[in-house]
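*Asks:* just a sequence and a predicted model for now, questions to come.
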Amino acid sequence: MNAQESAPAHPAIEVRNLHKSFGDNEVLTGIDFHVGQGEVVCVIGPSGSGKSTLLRCVNRLEEPTSGTILVEGIDITDPETDLNKIRTRIGMVFQQFNLFPHLDVLDNLVLAQRRAKKRGKTEARRIARQNLEKVGLADRADAFPSQLSGGQQQRVAIARALSMDPDMMLFDEPTSALDPELVGDVLAVMRRLVDEGMTMMVVTHEMGFAREVGDRVVFMDGGVVVEQGKPDDVLGNPQHERTRGFLSKVL
Amino acid sequence: MKPSTRRRLFRGSLYVILVAAIAALLLSANWKEIKYNFLDVEIAKQLFPAIIITAAKNTVVYTAIAFAGGLLLGLLLALMKLAPVGPYRWIATAYIETFRGLPALLVIFGFAFAVPTAFASWDPPGGSASSGLIGLILVSAAYIAETIRAGIQAVPAGQREAARSLGMAPGWTMISVVLPQAFRIITPPLTNELVIIIKDTSLLFIAGMALGDRELTVFARDSLSQFGNSTPLIVAGLMYLVITLPLTQLVAKLERHQNRGR
């Protein structure tokens, strides 16, 4: 008996030899990638490197062209897999927030709990309010998304994903659409999730965040993983020319 | 000439032209004839209350039925047109192209006379008026289907993705996320459809209808023959405006209210 055996049997996310093409354009050219249980992995890279596509493949918002994606050991590329059920365990936060504009904040958080998790109204509302509390927006439960700032909308979006009690969270450039002064609040909420031990895959341009809270940084370019490792190593002492070139532009 | 003077002169002459045109129209009209043939107050008085409790009421009822039926069938057709299965799309496309291409009058005529002749068992409750009404539903559904389809496609893809990423099934995503937003987007063109249907109920005359089934236009035509005077046409026209104007105002108000959730 050793510590290895008592650890969870499967990594949270495991991607093997993933290819993804849009028409003739091959965006992912054989990706091997994983996120361990409780691990925070930040994916960085120039635009068009395929990092968002990789993230979107993990909950199959994009259909992989070939390859295998295992989420907690379950093959989500298998047509027999209940995708809706798996997705309730994978929280996703979008660059453009994608709150439901016709519903107020509370109903944004309640809707999928009712429709996908079949929770009762009272329970769903209680959980929704807990999560609004968590992102510091308990007082905006009755507001409509259009009445909130971008930073508030993104925090509501995080609370909406958390309301499904996910095992892991995917963040697709969560701060890229925000005014600079609003980025901090969103990062603070994400930091808190890290502290709570949430498994996270974060596609981001926030190098400071990646360095501070990431367990691992993955640098992608041209549809492949070029380099990965501890944040200080990848960001502070990159081994590949392409990584150095990218970091010299963004740091 | 100073630019401000020139501007005032230009605006002034626009008013002069307008006033002159209206004056010419009013002066050249034969007021005696108009008053006798179209504005006979005594005849107008005799149209009430029947023109409201029968004719206007029937216009509203026919409109409500045709619009509700058109919405339901139109929604079904729109969803068929977006279906992943080919034959559904083909059927919806064929339907929409056919019924948009045919004059409403012809379709109403067909359902009032051709269909009952072809199928002896065709006997909808309400007689020929409701046969014609079915024709009106089928025509309006074709237009409404295209409006709804455009509305569904105008909802940003991120909305669907957000709902699906939360584990919501495609059906729930459509019902709870996409359709409510689509209908907000298409409120103005749907209002248009509704107003068109109000006016198109006048085409039901071709089906022929019992006394109690008459709507505004048939009622006005019958009254015109009865009195040998055209005043009923004017009154019926005013009744149409009494129905359509508050309706468009109401929808405009509704739209402003909904904008808070966008």
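*Replies:* Great, that's in hand.

*Asks:* quick one: is stretch B:73-93 near chain A?
*Replies:* No: using Cβ under 8 Å from any Cβ of the partner chain, no contact is recorded between stretch B:73-93 and chain A, whose separation bottoms out at 13.3 Å. C-beta: built from backbone N, CA, C; applies to glycine.

*Asks:* can you dump the C-alpha atoms of that stretch in CSV for me?
*Replies:* Output of stretch B:73-93 as CSV, limited to C-alpha atoms (Å, rounded to 0.1, in the frame of the first residue of the first chain):
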residue,chain,number,x,y,z
LEU,B,73,-48.0,25.5,-37.3
GLY,B,74,-45.4,28.1,-38.1
LEU,B,75,-43.3,27.1,-35.0
LEU,B,76,-43.6,23.4,-36.1
LEU,B,77,-42.5,24.3,-39.6
ALA,B,78,-39.6,26.4,-38.4
LEU,B,79,-38.4,23.6,-36.2
MET,B,80,-38.8,21.2,-39.1
LYS,B,81,-36.7,23.5,-41.3
LEU,B,82,-33.9,23.4,-38.7
ALA,B,83,-34.2,19.6,-38.1
PRO,B,84,-31.1,17.4,-38.6
VAL,B,85,-33.2,14.9,-40.6
GLY,B,86,-33.4,15.9,-44.3
PRO,B,87,-37.0,14.9,-45.2
TYR,B,88,-38.3,17.2,-42.5
ARG,B,89,-36.4,20.1,-43.9
TRP,B,90,-37.6,19.3,-47.5
ILE,B,91,-41.2,19.1,-46.4
ALA,B,92,-41.0,22.3,-44.5
THR,B,93,-39.3,24.1,-47.4
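
*Asks:* any idea how far that stretch is from the chain center?
*Replies:* 23 Å (Cα atoms, centre = their mean, to the nearest Å).

*Asks:* what's the answer for stretch A:159-177, then?
*Replies:* In this view, stretch A:159-177 has its centroid 6 Å away from the chain centroid, taken as Cα atoms, centre = their mean.

*Asks:* now do it, average pLDDT.
*Replies:* For stretch A:159-177, mean pLDDT rounds to 97.

*Asks:* same check on stretch A:234-247?
*Replies:* 94.

*Asks:* likewise stretch B:31-46?
*Replies:* 90.

*Asks:* got the residues of chain A near chain B?
*Replies:* A:59, A:61, A:84-88, A:90, A:92, A:94, A:96, A:98-104, A:111-112, A:115-117, A:144, A:146-147, A:157, A:160-161, A:164.

*Asks:* just the buried members of those?
*Replies:* The neighbour count (16 or more other Cβ atoms under 10 Å in any protein chain shown) marks A:59, A:61, A:84, A:86-88, A:90, A:92, A:94, A:96, A:98-104, A:111-112, A:115-117, A:144, A:157, A:160-161, A:164 as buried among the residues of chain A next to chain B.

*Asks:* now, the residues you listed that are in strands?
*Replies:* Among those, the ones falling in strands (DSSP state E) are A:90, A:92.

*Asks:* chain B against chain A: which residues are in contact?
*Replies:* Near chain A, when you scan chain B using Cβ under 8 Å from any Cβ, you find B:156, B:158-159, B:161-169, B:172, B:176-177, B:180-181, B:184, B:260-262.

*Asks:* from the residues you listed, which ones fall inside helices?
*Replies:* The helices, defined by DSSP state H, take in B:158-159, B:161-165, B:172, B:180-181, B:184 from the residues of chain B next to chain A.

*Asks:* now for those residues: which two are most distant?
*Replies:* The two members of those with the most space between them (Cβ to Cβ) are B:Ser165 and B:Arg184, at 22.3 Å.

*Asks:* so where do the strands sit in chain A?
*Replies:* For chain A, the strands defined by DSSP E cover A:13-22, A:25-35, A:40-44, A:66-71, A:74-75, A:90-93, A:168-172, A:199-203, A:216-221, A:224-229.

*Asks:* in contact with residue 167, which residues?
*Replies:* Using chain A here. A:12, A:72, A:89-90, A:199 (Cβ atoms under 8 Å, 6 or more residues apart in numbering or on different chains).

*Asks:* switch to chain B, that's the one I care about
*Replies:* Taking Cβ under 8 Å, 6+ apart, one finds A:84-88, A:112, A:116-117, A:164 in contact with B:Gly167.

*Asks:* ditto for A:Ile158
*Replies:* A:Ile158 is in contact with A:91, A:93, A:135, A:169, A:174, A:186, A:189-190, A:193, counting by Cβ under 8 Å, 6+ apart.

*Asks:* with B:Ala66 instead?
*Replies:* Contacts of B:Ala66 by Cβ under 8 Å, 6+ apart are B:133, B:136-137, B:140, B:197, B:200-201.

*Asks:* center of chain A - which residue?
*Replies:* In chain A, the centroid-proximal residue (Cα atoms, centre = their mean) is A:Leu170; its distance is 1.3 Å.

*Asks:* contact partners for that one?
*Replies:* Contacts of A:Leu170 (Cβ under 8 Å, 6+ apart): A:55, A:58-59, A:90-93, A:200-201.

*Asks:* a markdown table for those residues, including pLDDT?
*Replies:* Listed next are the contacts of A:Leu170 as a markdown table, based on pLDDT from 0 to 100:
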| residue | pLDDT |
| --- | --- |
| A:Leu55 | 97 |
| A:Val58 | 96 |
| A:Asn59 | 94 |
| A:Ile90 | 97 |
| A:Gly91 | 97 |
| A:Met92 | 98 |
| A:Val93 | 98 |
| A:Met200 | 97 |
| A:Met201 | 97 |
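
*Asks:* and of those, the nearest to chain B?
*Replies:* Using Cβ to the nearest Cβ, A:Met92 is the member of the contacts of A:Leu170 that lies nearest chain B, at 4.0 Å.

*Asks:* these two touch, right, that closest one and B:Gly158?
*Replies:* No: between A:Met92 and B:Gly158 there is no contact under Cβ atoms under 8 Å: 11.0 Å.

*Asks:* show me what residue of the stretch 1-150 of chain B gets nearest to chain A.
*Replies:* At 13.3 Å from chain A, B:Pro84 is the closest residue in the stretch 1-150 of chain B, using Cβ to the nearest Cβ.
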